[in-house]
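Trainee: Need the 3D shape of this:
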Amino acid sequence: MRELKFRAVFDNFECDEGLKTVSVNAFTLKELASYTEVEWEFNDGSTLPSNDFDQDDDVGYLQFTGLKDKNGVEIYEGDIVEYEDPNCDKFREEIEWQKEGGYWLNYEMGEGYLPALGSEHFTLEVIGNIYENPELLKKEV
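Mentor: The predicted model follows:
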């Protein structure tokens, strides 16, 4: 059974572009539900204690998929991954939860989504996330 844990995504109030900031650390569901104070950490070294924001308005949560990329980096929903398909074509896509079940790459293939997560046919590498690096999805690979 995979570990249920989450990273947090916050509004970046210092930025006018509407970007958000994602924590670099994660907490388990049990830790978040215990109502104890947790402290979120960010890439710039700053921290934010959980009692400094309104849980309902200021934060969203990104769930761990249970998988790691080729470098051992944990993959979360909202991450942007780069990968090669079996034909050696490179792609960049968003990791997305599908209501039908499971995390899939958000990659339209005409009639559905490509279920590449966990497949031995694809080697994924986390290169950013849709909140802090949305431009990565627009760049050619």
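Trainee: From now on I want contacts and neighbour counts done on CA atoms only, so please keep to that.
Mentor: Fine.
Trainee: Run through the strands of the chain in chain order.
Mentor: 5-11, 20-22, 27-28, 39-41, 47-49, 59-68, 74-76, 79-84, 90-97, 103-105, 123-129 (DSSP state E).
Trainee: ranking the ones you listed by mean pLDDT, which is last?
Mentor: Per-stretch mean pLDDT for the strands of the chain is lowest at strand 103-105 (a mean of 69).
Trainee: related to what we said a few turns ago, want to try TSV for the strands of the chain, with mean neighbour count as columns?
Mentor: Putting these into TSV (neighbours: other C-alpha atoms under 10 Å) gives the following:
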stretch	mean neighbour count
strand 5-11	19
strand 20-22	20
strand 27-28	16
strand 39-41	17
strand 47-49	12
strand 59-68	18
strand 74-76	21
strand 79-84	22
strand 90-97	20
strand 103-105	22
strand 123-129	20
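Trainee: Kindly present these as TSV, with separate columns for distance to residue 137.
Mentor: Shown next, in TSV, are these (distance: least, C-alpha to C-alpha, whole Å):
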stretch	distance to residue 137
strand 5-11	19
strand 20-22	16
strand 27-28	27
strand 39-41	25
strand 47-49	28
strand 59-68	18
strand 74-76	16
strand 79-84	7
strand 90-97	6
strand 103-105	12
strand 123-129	9
